[in-house]
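Undergrad: From the sequence below, what's the structure:
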Amino acid sequence: MSIDIDQFDERSPEELAELSNPEHVLRFLYENRDRAWKAKEIASRTPVPENSIHPVLSRLAKQELVRHKAPYWALTDNLDRLRQAYDHHRVTRLFDDCYGEEDRDEWIKASEQAER
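TA: Numbering: from 1, shown residues only. Prediction:
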């Protein structure tokens, strides 16, 4: 599977090797943005397992990164929104690499202490 040259230039080897299921789906839909696809077809053309494809697509739809008209799925037509989501994801990943991933339980504990 090929990747966009901007992705190649901007990502580290680790990032290129460890794409998440949503990243695989978005990359596939971006590279094929002139078409709409059935979920099963997306799963067969990406490393995303068929039993995971609907939850992934549903989450992406809630984030308005994909469009859905049953039974078809397509990339959002708002490429600025897609670019912003990608930039946010990339910065978050960079911060995780630099400072370590956030611990959800620590955040909850800290917010509870701040409320007191």
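Undergrad: lowest confidence element among the helices and strands of the protein?
TA: Counting by mean pLDDT, DSSP states H and E, the weakest-scoring helix or strand in the chain turns out to be helix 13-17, with a mean of 68.
Undergrad: can you tell me how far Phe28 sits from Ala110?
TA: To Ala110, Phe28 is 38 Å away according to Cβ to Cβ, to the nearest Å. Glycine gets a C-beta too; all of them are placed from N, C-alpha and C.
Undergrad: same thing with Glu41?
TA: Taking Cβ to Cβ as the measure, Glu41 falls 44 Å from Ala110.
Undergrad: Return the residues in contact with Ala36.
TA: Ala36 sits next to 67, 69, 72-74 when contact means Cβ atoms under 8 Å, 6 or more residues apart in numbering.
Undergrad: Could you check which of Glu41 and Ala110 has the larger neighbour count?
TA: Higher neighbour count among Glu41 and Ala110: Glu41, with 17 against 11, using other Cβ atoms under 10 Å.
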